[in-house]
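# This is the structure alone, sequence omitted:
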């Protein structure tokens with residue numbers, strides 16, 4: 001697991017290492033990234049105006065009780081996409097990307113994610 005540092009004297013809580021992966025084929029193609037944080041570069045396949053697509057992220061650091069945060073970090077048109085993590089399970093989660101723009105978009109956007117360890121009891 002990536003190392004963690006504590007919040008003290010103005011420092012943020014977070015990971016000091018992560019990983020990255022690039023999606024192949026199209027925006028529905030699953031990826032494998034076994035890290036607690038990282039970046040996923042999506043394929044530049046077209047996503048129609050108003051459309052959404054989901055893909056599976058296989059990740060051995062994730063459990064069903066964790067929280068995964070994801071955001072549109074860079075590349076592509078800022079504000080044109082809505083992204084969310086969902087369907088958490090042991091070893092995987094899904095990311096859904098929606099095109100909020102009024103036209104088709106063919107951009108290889110970069111998503112940042114972080115796994116926050118959780119517990120249910």
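On my side now, so go ahead. Since we're looking at a predicted model, the values are computed, not measured. Residues are numbered from 1 along each chain as shown.
# Any regions of the protein where pLDDT drops low?
1-12 (pLDDT under 70).
# Could you report the neighbour count for residue 36?
Residue 36: 24 surrounding residues under other Cβ atoms under 10 Å. For the C-beta atoms, the positions are set from N, CA and C on the backbone; glycine is no exception.
# Near the residue nearest to residue 106 when sequence neighbours are not counted, how many other residues are there?
Sequence neighbours aside, residue 46 is the residue nearest to residue 106 in space, at 4.6 Å (criterion: Cβ to Cβ, 6 or more residues apart in numbering). Per other Cβ under 10 Å, the neighbour tally for residue 46 reads 13.
# Check the gap between residue 46 and residue 107 for me.
Distance, residue 46 to residue 107, by Cβ to Cβ, to the nearest Å: 9 Å.
# Go ahead and confirm residue 114 touches residue 66.
No - applying Cβ atoms under 8 Å, one finds residue 114 not in contact with residue 66, separated by 10.1 Å.
# who's in contact with residue 108?
Shown in contact with residue 108 (Cβ atoms under 8 Å, 6 or more residues apart in numbering): 41, 42, 43, 44, 75, 76.
# Many thanks, have a good one.
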